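Novice: I would like to see how this sequence folds:
(chains A and B)
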Amino acid sequence: MTRYAMVIDIDKCTGCFSCAVACKAENAVPLGVWRTWLKMIEKGTYPNVSRSWMVLMCNNCQNAVCVRVCPTRATYRREDGIVMVDPHRCIGCKYCIAACPYEVRYLNPLKKIVQKCQWCNHRVDMGIEPACVNACPTDALTFGDLDDPKSEVRRIVDSKPYQVLKPDHGTEPRVYYLGVDMAVMRSSGPSESDREAGENKKTGLHVGVERRVDKRK
Amino acid sequence: MEEPILIYNIFHEHPFGLPIAIYFYMTGMSAGSFLISTMSYGMGIKKFKPLGKVGVVLATLLLVLAPLNLIIDLGQPLRFWHLFPYMNFKSAITWGSSLLVAYPLNCMIYGYFMFKGDAKLTKMFGLIGIPLAISVHGYTGFILALIKARALWNTALMPIYFLVSAMVSGIALMILVTFIQDLVRKEKKLNVDLAADLGKILSITIIFDLFLVLSDVLVLLNADSEAKEGAAMLLTGSFQPYFLGVEIILGSIIPLFLLLFPFTRRNPVTLSLASILAMIGVFAMRYVMVMGGMSLHLS
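Specialist: Prediction:
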């Protein structure tokens, strides 16, 4: 059996966004939506300040909520663990977007179906690694088979302290993080600027660059 | 310690919008009017007889229109038929797609026999319709309740909360319909007795509804951090006007006073006002639940 997994080592990551850009190009991801991106926060007061970030993408969960809630079985899990969306089956009801605890799914504004990171299944099937892994200049991303005892992902997961996002949701995510700050792993919470979100809606762009200035004392 | 500042993140569009809230509202009113209709023709409570026919017509109309909101909300509306051949029995939407076919059909058969005057078959289809009406609205509660990711939705109270608020909006609609029916037929006297009786039931359902809201918010305030953020959003945040203002004060407490106060509980004007306010309050509840539940970002 094959059981794919991704390891993201934030200690190696420089936050260069190459993975996000490579994914956009490889998968023809339209303007305004993203399959993989970086989330960044700043914390502390001078002189003790720091910036933390992490790479976000679909966790291709072992026990995926999206697969359970899809009313047409358009979302399904392959034998090797990649969670897929059948573009011809999906009706765009968006229930999976509401149900995903990681908010990594989007409605394609052009095709009007739900899409997400599928770990470049078309590349994996040809025996090459996903575009983001290929593009990463510091080898922070590692993709491989957890069931293969000789694979790099298996070695890291077996030998290093890792974290996954929201383990309490019982989804069994298959993206393992090394060296991520808890402050950035936490959900962003309520949208503080409803007005700004409304403006984005008009242009059809939903890239939220949000500054929580109001929370600063 | 200061709160960390979010520098950059991607937020995708909210999956559900106003059509979903309207859909929940319409199914709720349909279930409510159907249950009032079966009070006389199904369970034989004579005093509700004037509402039997108009109740079933409204229940059918609302439930034929309600799913149209779901279809226009789809990214691919012409693919809606995929819901039937490719069913997934673990999905609450699949439960709904069968119920949304069975319930209006049953309503039509029940209405047909009622207008034909066949008391026995009317009673039979009326009684079959009661569990269907409860399921067709109860399942909408499960649609939200089964989503663990959304703190405001993921509560076992949700289905019963939806059912009770459905009864509030359905009964309120029936009070208005009682008066409108009498006005259209140019009756000499409005049927205030029937409306006041419905008003009594309405006040009980509103009290029950308020109790459920109180339980929900109290538990949210004492649950995990996301639930607290959700409760704060309702009580002090951006949804405060819709939740506290419209749903609680305008839509529950003011109608409750109008329905219990001796001078207003038998007056057609104040009874109608209470009903309209209660219906607005239930719509606010649907809106707050659907939109509020999604406005907490998860990434």
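Novice: burial count for the closest residue to chain A within the stretch 1-150 of chain B?
Specialist: Closest contact between the stretch 1-150 of chain B and chain A, by CB to the nearest CB, is at residue B:75 (2.0 Å). All C-beta atoms are positioned from the backbone trio N, CA, C, and that covers glycine. Burial of residue B:75 is recorded as 17 neighbouring residues (other CB atoms under 10 Å in any protein chain shown).
Novice: and residue B:65, by the same measure?
Specialist: Other residues within reach of residue B:65 by the criterion other CB under 10 Å amount to 14.
Novice: contacts only, for it.
Specialist: The neighbourhood of residue B:65, defined by CB atoms under 8 Å, 6 or more residues apart in numbering or on different chains, consists of residue B:26.
Novice: which parts of chain A are strands?
Specialist: Counting by DSSP state E, chain A forms strands over residues A:4-9, A:37-45, A:48-56, A:75-77, A:83-85, A:106-107, A:114-115, A:141-145, A:175-178, A:189-190, given from the N-terminal end onward.
Novice: would you turn those into a markdown table with mean neighbour count?
Specialist: As requested, those are exported to a markdown table (neighbours: other CB atoms under 10 Å in any protein chain shown):
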| stretch | mean neighbour count |
| --- | --- |
| strand A:4-9 | 23 |
| strand A:37-45 | 18 |
| strand A:48-56 | 17 |
| strand A:75-77 | 19 |
| strand A:83-85 | 20 |
| strand A:106-107 | 22 |
| strand A:114-115 | 22 |
| strand A:141-145 | 22 |
| strand A:175-178 | 21 |
| strand A:189-190 | 18 |
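Novice: dump those into a markdown table; add mean pLDDT as well.
Specialist: Listed next are these as a markdown table, based on pLDDT from 0 to 100:
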| stretch | mean pLDDT |
| --- | --- |
| strand A:4-9 | 97 |
| strand A:37-45 | 92 |
| strand A:48-56 | 94 |
| strand A:75-77 | 97 |
| strand A:83-85 | 97 |
| strand A:106-107 | 96 |
| strand A:114-115 | 97 |
| strand A:141-145 | 97 |
| strand A:175-178 | 97 |
| strand A:189-190 | 78 |
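Novice: for the ones you listed, give me JSON lines that also has distance to chain B.
Specialist: Rendered in JSON lines, the data for the strands of chain A read as follows (distance: least, CB to the nearest CB, whole Å):
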{"stretch": "strand A:4-9", "distance to chain B": "15"}
{"stretch": "strand A:37-45", "distance to chain B": "4"}
{"stretch": "strand A:48-56", "distance to chain B": "6"}
{"stretch": "strand A:75-77", "distance to chain B": "9"}
{"stretch": "strand A:83-85", "distance to chain B": "12"}
{"stretch": "strand A:106-107", "distance to chain B": "4"}
{"stretch": "strand A:114-115", "distance to chain B": "7"}
{"stretch": "strand A:141-145", "distance to chain B": "18"}
{"stretch": "strand A:175-178", "distance to chain B": "13"}
{"stretch": "strand A:189-190", "distance to chain B": "5"}
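Novice: so the residue of the stretch 1-150 of chain B closest to chain A makes contact with residue A:112?
Specialist: Yes. With contacts defined as CB atoms under 8 Å, residue B:75 counts as touching residue A:112 at a distance of 3.6 Å.
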